[in-house]
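Peer 1: Build me a model:
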Amino acid sequence: MGKTGQDFTTWKGNYRRIDFYIEDVSTVTGGTAKWAMSASSTGSTLIWKSSTGATDITLSGKTVSVFLQASDTNDASGIAAGTYYHELRLEDIAGQPSTPAIGTLTLLPVVLKT
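Peer 2: The predicted model follows:
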């Protein structure tokens, strides 16, 4: 079952690991996951991560971890501070899709930049 209200805050240009605990499965290991951030639930994707062939997302036990790199939200990314929609999509080892988490990502500005 999906969870709404999976909200979190981070700062522009910061690394952030986001862990999603998936309650209604025995394991996520062996599945695949995608995560996206956009201005709204119907907006264009601004950040997209995948567990397929990359280290942007890891799946272990009942946890899906998404890794935001500093470059995903720094000034060069063109993404402004603000409030965004995010969504996690999971496919189990049988290929069955689900959306276990959606919520709001609040991206705050920083004074000190790297």
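Peer 1: now stretch 32-50, how far from the centre of its chain.
Peer 2: 8 Å (Cα atoms, centre = their mean, to the nearest Å).
Peer 1: Revised request: answer the last question for stretch 59-74.
Peer 2: Taking the mean of its C-alpha atoms, stretch 59-74 sits 6 Å from the chain's own mean (Cα atoms, centre = their mean).
Peer 1: Can you tell me what sits against it?
Peer 2: By Cβ atoms under 8 Å, 6 or more residues apart in numbering, the residues outside stretch 59-74 that reach it are 10, 12-23, 25-33, 35, 47, 49, 51, 55-58, 77, 79, 88, 90, 100, 107, 113-114. Heads up, the C-betas are built off the backbone N, CA and C, glycines and all.
Peer 1: ends of stretch 58-67, how far apart?
Peer 2: Here the two ends of stretch 58-67 are set 8 Å apart, with distance taken as Cα to Cα, to the nearest Å.
Peer 1: can you pull the buried residues of that stretch?
Peer 2: Of the residues in stretch 58-67, those with enough neighbours to count as buried (16 or more other Cβ atoms under 10 Å) are 58, 59, 64, 65, 66, 67.
Peer 1: Over to stretch 63-80?
Peer 2: Neighbour counts over stretch 63-80 (16+ other Cβ under 10 Å) mark 64, 65, 66, 67, 68, 72, 73, 74, 79 as buried.
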